[in-house]
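Just the structure for this:
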Amino acid sequence: MVGATGFMVTPVRVSGRVVDVHGRPVPDAEVTLVAGGDTGTHTADDGSFHLAGGYRIEGYAVEVSAPGFISRQAQGSGSLVLQRAPIVQGRVVDEAGNGVAGAWIAARALTGRTSGQTVTDADGFFWLTGLHPGLAEVTVVAPEHDGWQSRVELAADHIEQLAPIAARQFGVLDLATSPAGVAPTLDGAPIPGCPATPCVVSVLAGDHVVAVDSPIYVPWSQAFSLVRNQRLAVSTTLQPRLGVLAVTAPGGNAAELLIDGNAVGAGGW
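Numbering: from 1, shown residues only. A predicted model of the protein is given here:
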């Protein structure tokens, strides 16, 4: 084909193979030929590709990208080496070493590149991808836990291992009843350190229900919310359970009724 200026315009043909830094093929990588019009394909299972399109009027480039790798550009045929994108992984635990489920993990690049985010699994583990090399700030946020933050230098073909500690947050419950001496429960379970009221105990921040269920008093419960370092006073007056006592005794004016050692007047029964 002859152009208007009188020189031959030749289509661009490139071929090659996409591999990682260990020489292993990268299948299904997207390869785009930018040469006066984009032409694209995907690598085969052995990482090979063949492309033809555009024209050699100006410079051209081959762009290669694949999930989990850092995209790159090159010119000409031959092998193209892709580096794997940095990965941040680890486990978020509380101060007792227990995994923190549902913690929000975010990595914010400080070099203007894209950031990533994820959530820990039921055991506190996380795996964060989609990052770029460079300095990044990793943040951990979880409800009723202290936050955690650190700056890390991310590198290509490297997995950065982190062990964030997100300590649980506590408040103080100051519980009193009238009469005193009853055994309370918190969220349906006995309260450690509070066998009987009154008591002052440390309680995890969050939503709770404190209750008294005694055969002597009418059941009582109260919901409350506690935030970090808050001291919350909860008190109540318990109402005795009332019942009917049926008494059968021989007739006679000398009859006397005692309840708990106390005489009941003749007009009361």
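
and the closest residue to residue 101 other than its chain neighbours, how far is that from residue 102?
Leaving aside its chain neighbours, residue 101 sits nearest to residue 122 (4.9 Å; criterion: C-beta to C-beta, 6 or more residues apart in numbering). Yep, even glycine has a C-beta here, placed from its N, CA and C like the rest. As judged by C-beta to C-beta, to the nearest Å, residue 122 and residue 102 stand 8 Å apart.

Give me the more crowded residue out of the two.
residue 102 (12 against 8; other C-beta atoms under 10 Å).

show me the residues around the most centrally placed residue in the chain that make contact.
Residue closest to the mean C-alpha point of the chain, counted by C-alpha atoms, centre = their mean, is residue 103 at 2.0 Å. By C-beta atoms under 8 Å, 6 or more residues apart in numbering, the residues touching residue 103 are 92, 119-120, 124, 126, 140-142, 145, 164, 166.

mind running it again at 7 Å?
92, 119-120, 124, 140-142, 166 (C-beta atoms under 7 Å, 6 or more residues apart in numbering).

filter the residues you listed to the buried ones?
Neighbour counting with 16 or more other C-beta atoms under 10 Å marks 92, 120, 124, 140, 142, 166 as buried within the contacts of residue 103.

Let me know the closest of these to residue 215.
The closest of the buried ones among the contacts of residue 103 to residue 215 turns out to be residue 142 (C-beta to C-beta; 40.5 Å).

Mind pulling up the pLDDT for the closest one?
Here the pLDDT value assigned to residue 142 is 96.

what does residue 154 give?
Note on residue 154: pLDDT of 94.

who does it bridge with?
residue 134 (DSSP bridges).

just residue 165 next, same as before
As for beta bridges, residue 165 partners with residue 93 under DSSP bridges.

just checking, it touches residue 147?
No. Residue 165 is not in contact with residue 147 according to C-beta atoms under 7 Å; the separation is 10.7 Å.

From residue 242, how far off is residue 68?
Distance, residue 68 to residue 242, using C-beta to C-beta: 71 Å.

meant to ask about residue 182, not that
Counting by C-beta to C-beta, the separation of residue 182 from residue 242 is 17 Å.

For residue 78, grab the count of nearby residues.
When neighbours are counted by other C-beta under 10 Å, residue 78 registers 11.

now swap in residue 149 and tell me
The burial count for residue 149: 12, using other C-beta under 10 Å.

just residue 136 next, same as before
Residues near residue 136, counting by other C-beta under 10 Å, number 25.

Ok, residue 76 next?
12.

Would you enumerate the residues in contact with residue 212?
Contacts of residue 212 (C-beta under 7 Å, 6+ apart): 177, 182, 184, 220, 238.

could you redo the last one with a cut-off of 6 Å?
182, 184, 220 (C-beta atoms under 6 Å, 6 or more residues apart in numbering).

circling back to that earlier point, neighbour count for residue 68 and residue 242, which is higher?
Neighbours were counted for residue 68 and for residue 242 using other C-beta under 10 Å; residue 68 has more, 12 against 6.

And the strands in the stretch 151-269 of the chain?
Ranges of strands within the stretch 151-269 of the chain are 159-162, 170-178, 184-186, 189-190, 199-204, 206-212, 220-226, 231-237, 257-259, 262-264, based on DSSP state E, counting those that start in this stretch.
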